[in-house]
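Colleague: sequence and computational prediction follow.
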Amino acid sequence: MSALADVARDRPRHKILVVEDESDIRELLRYNLTQEGFAVEEAADGAEAIDRIARRAPDLLVLDLMLPRMPGLELCRRLRSQSDTARLPIIILTAKGAEVDRVLGLEMGADDYIVKPFSPREVVARVKALLRRANAVAEQTLPAIFERGRLKIDFGTYEVFVDGEKKELALREFELLRFFVQHPLRVYSREQLLDLVWGRDTFVEPRTIDVHVRRLRQQIERDDSNPELILTVRSVGYRFNPDALG
Ligand code: CA
């Protein structure tokens, strides 16, 4: 089994949340985005959208502005004001001629807009373009090499060194370590780690995480029976503690 084949097979599909009260339009978007390989979730109003996002953040939101109860603009503003969703890519759907909506939507932080009536092909193209942009920005913010104290990680070559000694990590352990290093101090549950490291469409027991954490500790901790880098937070999950690196 090659590591690359493993990555390709388990690569999570991008999840798109479509927020629109008209079921015909939701259906049209779902059909076309699913055809392109996206995983699509739907919400019929702002409250349902907030609920879904809180449970599992999508990779991109397609948001109609004309929604019952909470207008799309209000939802957009709320998402932007919360740190978890401040950078969630958002494409708004606006009615033809409603230029003021478009302007307000972009001011509220939407990344792009599509005017109704739209062609499904246009939506798919915009979604892909925005995801590419979002991913490019995310990658730019990552340094190619992490080095602190005795730990050095080369994200480009997938090499890990502890005290100058090269460690052979399995791909999963490497990905887990990369995630911890990029998200220090915060506590993650097993379910969150599965979502964020394994990808949302894999079906693995949350306890699988424990096995990988154990293997990772054997490679990078001074004493894996008394870990100081990857800490267990009882009945919650795990936390990476870079301060132990000095
Ligand atoms: Ca609508």
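Modeller: Right, received. Where do you want to start? Residues are numbered from 1 along each chain as shown.
Colleague: low-confidence ranges, this structure, go.
Modeller: 1-12, 139-142, 199-203 (pLDDT under 70).
Colleague: what about the nearest residue in space to residue 65 that is not next to it in sequence, neighbour count?
Modeller: Counting by C-beta to C-beta, 6 or more residues apart in numbering, residue 65 lies nearest to residue 72, which is 3.6 Å off, once chain neighbours are set aside. All C-beta spots, glycine's among them, are computed from the backbone N, C-alpha and C. Neighbourhood size, residue 72 [other C-beta atoms under 10 Å]: 28.
Colleague: am I right that residue 72 is in contact with residue 18?
Modeller: No - if you go by C-beta atoms under 8 Å, residue 72 and residue 18 don't touch, sitting 11.9 Å apart.
Colleague: re earlier: the residue nearest to residue 65 and the ion, how far apart?
Modeller: Going from residue 72 to the ion by C-beta to the ion, to the nearest Å gives 8 Å.
Colleague: where does that residue fall, phi/psi-wise?
Modeller: Residue 72 has phi and psi values of phi -60, psi -40 when expressed as degrees, to the nearest 10.
Colleague: list the contacts of it.
Modeller: Each residue near residue 72 by C-beta atoms under 8 Å, 6 or more residues apart in numbering is listed here: 19, 46, 63-66, 92-93, 105.
Colleague: so which of those residues also contact the ion?
Modeller: Contacts with the ion are made by 64, 66 out of the contacts of residue 72, judged by C-beta under 5 Å from the ion.
Colleague: possible to save the contacts of residue 72 as a markdown table with distance to residue 240 and secondary structure?
Modeller: Below are these laid out as a markdown table (distance: C-beta to C-beta, whole Å; DSSP: H, G, I helix; E, B strand; the rest coil):
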| residue | distance to residue 240 | secondary structure |
| --- | --- | --- |
| 19 | 34 | strand |
| 46 | 35 | helix |
| 63 | 33 | strand |
| 64 | 39 | strand |
| 65 | 40 | coil |
| 66 | 43 | coil |
| 92 | 36 | strand |
| 93 | 39 | strand |
| 105 | 37 | helix |
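Colleague: give me the buried entries from the contacts of residue 72.
Modeller: Those of the contacts of residue 72 that meet the buried threshold are 19, 46, 63-66, 92-93, 105, by 16 or more other C-beta atoms under 10 Å.
Colleague: would you mind measuring from the nearest residue to residue 105 once chain neighbours are set aside to the ion?
Modeller: Among residues not flanking residue 105 along the chain, residue 92 sits closest, at 4.3 Å (C-beta to C-beta, 6+ apart). Distance, residue 92 to the ion, by C-beta to the ion: 11 Å.
Colleague: tell me who's in contact with residue 92.
Modeller: By C-beta under 8 Å, 6+ apart, the contact set of residue 92 is 63-65, 72, 76, 101-102, 105, 110, 112-114.
Colleague: which one of those residues sits closest to residue 174?
Modeller: Nearest to residue 174, judged by C-beta to C-beta, of the contacts of residue 92 is residue 112 at 33.9 Å.
Colleague: the closest one contacts residue 126, correct?
Modeller: Yes - here residue 112 reaches residue 126: they are 5.7 Å apart, a contact under C-beta under 8 Å.
Colleague: which residues are in contact with each of the two?
Modeller: Listed as contacting both residue 112 and residue 126 by C-beta under 8 Å, 6+ apart are residue 91.
Colleague: who touches the longest helix belonging to the chain?
Modeller: For the chain, the longest helix by residue count, based on DSSP state H, is helix 120-140. With C-beta under 8 Å, 6+ apart as the contact definition, helix 120-140 has outside contacts at 14, 16, 28-29, 31-33, 36, 38, 59-60, 62, 87, 89, 91, 111-112, 114.
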